[in-house]
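1. the amino acid sequence is not available; the structure is as follows:
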């Protein structure tokens, strides 16, 4: 008699999230997302709308990723396929949010590069902080995108 069983994927819990892909990406996502949050908060927030969006995305994704990591570490997912799908969905949304925030932050930073305020010490400092925030924002976007792809592969294996 032929067997119709297939291997089920496992969602890690406990310290297993520090040793499996894509869950090992939680910590770098938190580090780079936190750096974006800190760097944007340290600069002069002009114009408010794009910078406000960047702050919202970085704070939202930082808090949600931390909560998501705690849920996985505590094993509250009970190894259900719906949690694998939710993991894919959350990281896809986070990647999209970070991409939009990164583009907006890059645009604001490019606009600041041509302004006369960079001649002052404060203007040059803010510009350098914004450039750093743009770089870290794109790194966070890449991390969330890779996490999304790996979560989709895991979800499809359920």
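-> Good, I have the coordinates. In this text the structure is predicted, and so the values were computed from the model without any measurement. Numbering: from 1, shown residues only.
2. and stretch 103-123, end to end?
-> Chord length of stretch 103-123, first to last residue, is 21 Å (CA to CA, to the nearest Å).
3. what ranges do the strands span in the chain?
-> Listed in chain order, the strands found in the chain under DSSP state E amount to none.
4. counting residues, name the longest helix you see in it.
-> helix 121-156 (DSSP state H).
5. gap between that one and the chain center?
-> Relative to the mean C-alpha coordinate of its chain, helix 121-156 is positioned 7 Å out (CA atoms, centre = their mean, to the nearest Å).
6. what of stretch 90-102?
-> On CA atoms, centre = their mean, the centre of stretch 90-102 falls 7 Å from that of its chain.
7. now do the phi/psi pair for residue 78.
-> The main-chain torsion angles of residue 78 are listed as degrees, to the nearest 10 and equal phi 50, psi 30.
8. hmm, I typed the wrong one, I wanted residue 13.
-> phi -140, psi 170.
9. rewinding a little: next, the buried residues of the longest helix of the chain.
-> Of the residues in helix 121-156, those scored as buried under the neighbour-count criterion (16 or more other CB atoms under 10 Å) are 126-127, 129-148, 150-152, 154-155. C-beta here means a position set from N, CA and C on the backbone, and glycine is covered the same way.
10. check stretch 105-117 too.
-> When neighbours are counted by 16+ other CB under 10 Å, the buried residues of stretch 105-117 are found to be 105-106, 108-109, 112.
11. quick one: contacts of that stretch?
-> Stretch 105-117 is contacted by residues 40, 47, 50-51, 54, 118, 123, 126-127, 130-131, 133-134, 137 when judged by CB atoms under 8 Å, 6 or more residues apart in numbering.
12. ok, now stretch 14-26?
-> The contact list for stretch 14-26 (CB under 8 Å, 6+ apart) reads 12, 27, 65, 68-69, 72-73, 75, 91, 143, 146-147, 149-151, 154.
13. at 6 Å what do you get?
-> Counting by CB atoms under 6 Å, 6 or more residues apart in numbering, the neighbours of stretch 14-26 from elsewhere in the structure are 12, 69, 72-73, 143, 147, 150-151.
14. ok, so of those residues, who is nearest residue 58?
-> residue 143 (12.9 Å; CB to CB).
15. ok so, going back, okay, who's weakest in the buried residues of stretch 105-117 by pLDDT?
-> In terms of pLDDT, residue 112 ranks lowest among the buried residues of stretch 105-117, with 78.
16. separation between that residue and residue 51?
-> According to CB to CB, to the nearest Å, residue 112 stands 11 Å off from residue 51.
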